[in-house]
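[1] sequence-free structure coming up:
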């Protein structure tokens, strides 16, 4: 009787793991998370907060997640080619580089992660004038490797990443409105 119960539990567990692996393999090969906020500041002020990695350091939600995070700026901190390397046991290790900068309209960054696993993600900030202020849309997208797909099968990552983007937009709002 006891052996039969263990066998059934083993079969159920194996079937569940197999189903999860199959579902993960069927997921999209890319991910996309997007959040927006209205900021009561002109696009000029908001753009300066985003296009300058030294200023971004103060409102970036990932900087606030780990007090032990260490960072190093590249030779340029503003505009096209500006870069910032970061190392954290709690967040990630990698480098961000501004790869697109359209004054008052858009800033695009390439995030090259080394840890917890190697990946490259694109994050973009789009600014639109909005009723005397600025609407900022922050997107994050990139390839979804099998580990990412497996995590997305077990947990919905959009709310997890989206929570960070919302926090960052809230911080950006405070930084821009008090600029």
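    Yes, it's here. Only a predicted model underlies this, so the values are computations on that prediction, with no experimental measurement involved.

[2] what's the residue closest to the geometric middle of the protein?
    residue 140 (5.3 Å; C-alpha atoms, centre = their mean).

[3] close enough to count as contact, that one and residue 125?
    No - using C-beta atoms under 8 Å, residue 140 makes no contact with residue 125, being 10.4 Å away. For glycine as for every other residue, the C-beta is placed from the backbone atoms N, C-alpha and C.

[4] give me the beta-bridge partners of the residue nearest to the centre of the chain?
    residue 33, residue 123 (DSSP bridges).

[5] Could you report the separation of it from residue 66?
    18 Å (C-beta to C-beta, to the nearest Å).

[6] One more: residue 107?
    Residue 107 sits 23 Å away from residue 66, going by C-beta to C-beta.

[7] what about those two, which has more around it?
    Higher neighbour count among residue 107 and residue 66: residue 107, with 26 against 15, using other C-beta atoms under 10 Å.

[8] tell me which element the more buried one is part of?
    strand 106-115 (DSSP states H and E).

[9] Which strands and helices lie in contact with that strand?
    If contacts are counted by 3 or more C-beta pairs under 8 Å, 6 or more residues apart in numbering; DSSP states H and E, strand 106-115 sits against helix 43-51, strand 93-102, strand 119-130.
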